[in-house]
Structure formats: structure tokens, C-alpha cells
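Participant: Pasting the sequence and the predicted model now:
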Amino acid sequence: MTRLAICPGSFDPVTYGHLDIIQRGAKVFDQVIVAVFNNQSKAPLFSVDERVHLLEAVTDDLDNVTVDSCSGLLMDYASDMNAQVILRGLRAVSDFEYELQITSMNRKLNEEIETFFMMTNNQYSFLSSSMVKEVAKYHANVSDLVPDIVEKALKQKFKQS
Ligand code: ADP
């Protein structure tokens, strides 16, 4: 049986923290779908297409990883894809409560699909897309935080605005 995990998120934009979870997940599961969710309440900087494009570029070397987008309910998407697992990353304690709430709700919606958490790599514990956007806005160096292609895309965005 193929073990398929969905790795959902906003990925606005993808950081080395996300990439680390995706790479490690790809070693544990047969197939990983990185699903970009269109959460308008977060007022994204990058469009869904742009986020998908950046994720595709940075996961290009991972044969069992594909990228998709979705605007509905995660559990509906996961069940349509026949996934057994939702894969999420955990950073600090602050992530925990939020994840606990979502996971409890998701289990109510579909108890067949398990949520797996991977602890962040220590070097990325305080790395988030919002942090990256905040510093990139002021043209600070983000080369340790995001892949080159993402750094270029951020420069382009903040040049336009
Ligand atoms: P969401 O809006 O769903 O929280 P994000 O794009 O912020 O989407 O995050 C997607 C997933 O990646 C979440 O599980 C989040 O905890 C995880 N993640 C984000 N940044 C890191 C990081 N630096 N280390 C580990 N996991 C991370």
C-alpha cells in the first residue's frame, strides 16, 4: 500500500523550515503532496500560482513530492486524494495549541486520516514566512532563510510595491 501524506500550508513563501519538513517527510512516506491553501484571511503576498511555482522549483529534486493547490476543506482534499496522513511541522509551544485545535477538528471530520507532526530542525525554530516577509520588505538579507529563487521573488515583490 502506498503511504501518501499531504503537507498543507500557506507557504507564503516557502522557507528553509518548510523545505526541511518536506524533505524529511519524503523519506518517511512513499508520496508527499505539498498542498498550497488559499487562505484569504491571511492577505497573502504571493498568489497561489506563484507559491506553487516556487515550491515546484525548490522540490524539483525530490521524485516523490508533487505540489498542488486547494481552496476547500483540507480533510475533503485529503480524502479525495486517498491520503492516509496529514504532515505538519511544529516549531515552538505557540504552534502546539493551534495545531491541537485544528487536529482535533480534522479528526472529527475524518478519523481515518492521521496527522503526523515533525519537530522543526533547531536552526529553523524561529523561522516563519511572516518573519521572512517582514525583513525582506526592508531589503535585509534573507539568504539563510529561503532558497535563492524565493529570495529573488521577494526582491521582485518589494521592488514593485
Ligand atoms: P499555515 O498557514 O497552515 O500555518 P504555513 O505555511 O505557515 O501554513 O506552514 C505550513 C506548515 O509548515 C505548518 O505545519 C507549519 O507549522 C510548518 N512550518 C512552518 N515553518 C516551519 C519551520 N521553520 N520549521 C518547521 N515547520 C515549519
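Facilitator: Received, thanks.
Participant: Which secondary structure element is home to the closest residue to P44 other than its chain neighbours?
Facilitator: Nearest residue to P44, sequence neighbours excluded (C-beta to C-beta, 6 or more residues apart in numbering): D12, at 4.6 Å. C-beta here means a position set from N, CA and C on the backbone, and glycine is covered the same way. For D12, there is no host helix or strand (DSSP states H and E).
Participant: who are the neighbours in contact with D12?
Facilitator: 42, 44-46, 51, 129, 133 (C-beta atoms under 8 Å, 6 or more residues apart in numbering).
Participant: Just the ones in helices from those, please.
Facilitator: 51, 129, 133 (DSSP state H).
Participant: Could I get the contacting residues of N82?
Facilitator: Counted by C-beta under 8 Å, 6+ apart, N82 has contacts L4.
Participant: And the helices in this protein?
Facilitator: 16-28, 48-58, 74-80, 93-109, 129-137, 148-160.
Participant: For S10, give its distance to L54.
Facilitator: Going from S10 to L54 by C-beta to C-beta, to the nearest Å gives 12 Å.
Participant: Could you check the pLDDT of V93?
Facilitator: pLDDT for V93: 80.
Participant: now the one 3 residues further on
Facilitator: At F96, the model reports a pLDDT of 90.
Participant: Hmm, D63 and D30 touching each other?
Facilitator: No. Between D30 and D63 there is no contact under C-beta atoms under 8 Å: 10.8 Å.
Participant: For the chain, which residues score under the pLDDT cut-off?
Facilitator: Residues of the chain that meet the criterion pLDDT under 70 lie in 160-161.
Participant: Would you quantify the distance from K42 to K157?
Facilitator: 16 Å.
Participant: what do you get for N64?
Facilitator: 30 Å.
Participant: try V28
Facilitator: Relative to K157, V28 is positioned 33 Å away (C-beta to C-beta).
Participant: which non-adjacent residue is nearest M131?
Facilitator: L145 (7.7 Å).
Participant: can you tell me which residues contact that neighbour?
Facilitator: Counting by C-beta under 8 Å, 6+ apart, L145 has contacts 15-16, 127, 131-132.
Participant: re earlier: return the members of the contacts of D12 classed as buried.
Facilitator: 44-46, 51, 129, 133 (16 or more other C-beta atoms under 10 Å).
Participant: Just flag the most distant two among these.
Facilitator: Across the buried ones among the contacts of D12, the longest distance by C-beta to C-beta is 12.4 Å; it joins R51 and K133.
Participant: Identify the contacts common to the two.
Facilitator: With C-beta under 8 Å, 6+ apart, R51 and K133 have common neighbours 12-13.
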